[in-house]
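Trainee: Sequence and predicted structure below; questions after.
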Amino acid sequence: MNLQTPVTTAGRVYKLYARRLEKLGIKTFEDFLYHIPFRYDDFSLISKINRVQPGEVVTIQGTVSEINNEFTKNFKRLQKAEIADETGTIEVVWFNQPYLTKIIHSQDKIALSGKIDWFLRKIVMQSPDYEIITNSPSIHTGRLVPVYSETRGITSKWLRRQTYNLLKENKNQFIEYLPDSTLVDHSLVTISEAIEQIHFPQTLTKAERSRQRLSFDELFLLQLSAMHRKLNWNKNLISNPFSVDKFKSETTKFLSKLPFTLTNAQKRVVEEIFKDLAKTKPMNRLLEGDVGSGKTVVSAIAMFLSYLNGFQSVLMAPTEILAQQHYKTISQLLTSFKIRVGFATGSQKMRIKDFDVMVGTHAVLEKGINFDNLGLVVIDEQQRFGVEQRAIIRSRGKNPHLLTMTATPIPRTIALTLYGDLDLSLLDEMPHGRKQIKTWLVPAEKRLNAYFWIEKQVKETKSQVFIVCPFIEESETMQTVKAASKEFENLKNNVFKNFKLGLLHGKMKTKEKEKVLNKFRGGKIDILVATPVVEVGIDIPNATIIVIEASERFGLAQLHQLRGRVGRGDMQSYCLLFTQSLNLQTLERLKAMEKHNVGSELAELDLQLRGPGEIYGTMQHGRKMLKIASFSDFELIQKVRKEAEKIFPNLKNYPRLLEKLKTINLKQISPD
């Protein structure tokens, strides 16, 4: 069996479980083997029955004397078994698992692993893992037992069995691809040993060494992939680099007509971009800057230079709301210079030739759209576009310059690892006169006071309010988390009866969203209740208060982006973080929002406090960027980077490593 085989194509069992496995990120059999345990239960202590004591976690082996379904006094069903070995007998109890009497039979040889406890004044083994003893090695008992991330209908026990069978069938498929020198220099175990011992380790030391090897591989392959992309990018020469000096007077005039003065950071970044645009190789730059730091203006200046050089530009955004916002801003900046700005959506067909600058969503990737003279591509919100989309955009023109922008604060280690193929520019300064947003953490007992304060602010200053909730509908498993639709009704009918409220969420159709936003923009809505769809693209200068419900559910980087929805005008703005959490570590993390206003600082802090997989918040991306390694392991990242730089120039000498690079999923390389 090829490890790249989709699980849906092999066997009835996998077809039945395919949809559930997909929730765990498992689509191929290789994914299966890289779904590694997050901990191990130590069931390696095998005890005789007469030696076990309450409180111990042990494995016992014996014969089933009897097993029955019984009912308690409260009419709860339980399963009782008596197990015997040569030293004595012990009662084993499970709760509400009647199927066990069909699986376990009298006289079966069995191994059981679990905790010894008191039950109805007797020493019993309660709810243990079990395994019928055969000639095969034990998987669930009598050893270090792997415990995996699960989902509904997929248990660790099921995953263990399938993983064991896969390893057995594919033992010879794990061919070493790292150079011998790399293995020796970094004291790494072989890939076959790492895969086997991460799932079924003989000792915890071997499990840890396996994890180290797989972490190294994950980061190493990411680094090499980024270097490979950068090399390929640089191979594509542009026949007509942009002239910068020739149009110095025009760009100076353009800058002088802006309704504001550029910050020093904007001037620095424009200079970096102009240097790139003047080169014969296409620009590939990532522009990172907080919400409101002026990224769109910087991109407009680059588009202006593209126009002067006789080229078209395209700006692409992940959502129609954000695309419209950009279209409005870009039009205001460029149309007075006779530059034709167009807007492309999925529902509109238009002649691209008629425009100098095209703003749109993914619609610009449609097959029917071709750019005759594309010189510059600007992509906003880099996190939401993958490598594949960027490649498609480039293929539409003659190797255009590429500027990607993000308001998501990216810690340096992540930027170096995930975006090693891009040059990085940072807008670390806010426009002159912009007031810092005052942020307060609001515990449950101060909620009513906060509502009174909001009411007073709206009445006295005529300002508008965002209230952000993490879920659209009430979650069955998280009853305490405010749902936007339910909270909207509560606020409208009970809290803010005298104000006009609106509701905005991701499941609404584009036209419905536009209608609500236009009402909010026009002052016909005082308070907008929304899901994190407000995170990008909504620019309401009159909105000065944002309330974030269940703020502990978000990462600091995402909270910072949400906070950026206010503070767009001249008035003092406020961010209220509502939480019911009493966890001291959680409260400490949220208090960082009161102290820090710079996104990059918060991102680094989030990396330390909350862990790498949560930086952008599961509400936005739904999956971790790394499966095994950790972005907080700075030492390993530095080692891996040095090794990649050493190996990359001679990559063609390592055919197995090259082959491995080809099989990497593009989505793992760059979050989409």
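Mentor: Arrived safely.

Trainee: Pretty sure I664 sits in a strand.
Mentor: No. Going by DSSP: H, G, I helix; E, B strand; the rest coil, the assignment for I664 is coil, not a strand.

Trainee: Tell me the spacing between it and E645.
Mentor: The gap separating I664 from E645 is 19 Å, by C-beta to C-beta, to the nearest Å. In this view, the C-beta of every residue, glycine as well, is placed from N, C-alpha and C.

Trainee: Comparing the two, which residue is more hemmed in?
Mentor: Between I664 and E645, I664 has the larger neighbour count (other C-beta atoms under 10 Å), namely 15 against 12.

Trainee: got the CA positions of stretch 271-282 in PDB?
Mentor: C-alpha atoms of stretch 271-282 as PDB (Å, rounded to 0.1, in the frame of the first residue of the first chain):
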ATOM      1  CA  GLU A 271      11.600  52.600  -0.100                       C
ATOM      2  CA  GLU A 272      12.100  48.800   0.400                       C
ATOM      3  CA  ILE A 273       9.300  48.100  -2.100                       C
ATOM      4  CA  PHE A 274      10.600  50.500  -4.700                       C
ATOM      5  CA  LYS A 275      14.000  48.900  -4.500                       C
ATOM      6  CA  ASP A 276      12.400  45.500  -5.200                       C
ATOM      7  CA  LEU A 277      10.300  46.900  -8.000                       C
ATOM      8  CA  ALA A 278      13.400  48.200  -9.800                       C
ATOM      9  CA  LYS A 279      15.100  44.800  -9.800                       C
ATOM     10  CA  THR A 280      15.000  42.300 -12.700                       C
ATOM     11  CA  LYS A 281      13.700  39.600 -10.400                       C
ATOM     12  CA  PRO A 282      10.000  39.800  -9.300                       C
END
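
Trainee: tell me the mean pLDDT for it?
Mentor: For stretch 271-282, the mean per-residue pLDDT is 93.

Trainee: What lies in contact with it?
Mentor: Stretch 271-282 is contacted from outside by 233-234, 236-238, 241-244, 283, 285, 287, 298, 301-302, 305-306, 376, 394, 399-403, 423, 425, using C-beta atoms under 8 Å, 6 or more residues apart in numbering.

Trainee: Check stretch 134-145 too.
Mentor: Applying C-beta under 8 Å, 6+ apart, the contact partners of stretch 134-145 are 40-44, 46, 59, 61, 111-113, 129-131, 157, 160-161, 164, 200-204, 207.

Trainee: repeat that for 6 Å
Mentor: The contact list for stretch 134-145 (C-beta atoms under 6 Å, 6 or more residues apart in numbering) reads 40-44, 46, 59, 111, 113, 129, 131, 160, 164, 201.

Trainee: For the stretch 551-672 of the chain, give me the ranges with low pLDDT.
Mentor: Where the stretch 551-672 of the chain drops to pLDDT under 70, the residues are 608-625, 665-672.

Trainee: which residues in it form helices?
Mentor: 556-563, 584-595, 599-610, 618-621, 634-647, 655-662, 666-669 (DSSP state H, counting those that start in this stretch).

Trainee: Buried deepest among those helices, which one?
Mentor: helix 556-563 (a mean of 26; mean count of other C-beta atoms under 10 Å).

Trainee: From the contacts of stretch 271-282, list the buried ones, please.
Mentor: The neighbour count (16 or more other C-beta atoms under 10 Å) marks 233, 238, 241-242, 244, 283, 285, 287, 298, 301-302, 305-306, 376, 394, 399-403, 425 as buried among the contacts of stretch 271-282.

Trainee: Filter the residues you listed down to the ones in helices?
Mentor: W233, V298, I301, A302, L305, S306, R394 (DSSP state H).

Trainee: Run through the residues that contact the fifth one.
Mentor: Residues in contact with L305 (C-beta under 6 Å, 6+ apart) are F242.

Trainee: so what's it scoring on pLDDT?
Mentor: If you check L305, the pLDDT there is 97.

Trainee: Next: the second one.
Mentor: Confidence per residue is given as pLDDT, and for V298 that number is 96.

Trainee: What is the end-to-end distance of stretch 32-40?
Mentor: 18 Å (C-alpha to C-alpha, to the nearest Å).

Trainee: same question but for stretch 547-557, I mixed them up
Mentor: 16 Å.

Trainee: what do you get for stretch 436-445?
Mentor: Criterion C-alpha to C-alpha; first-to-last residue distance in stretch 436-445 is 26 Å.

Trainee: Mean confidence (pLDDT) on that stretch, please.
Mentor: Stretch 436-445 carries an average pLDDT of 93.

Trainee: Many thanks, I have nothing further to ask.
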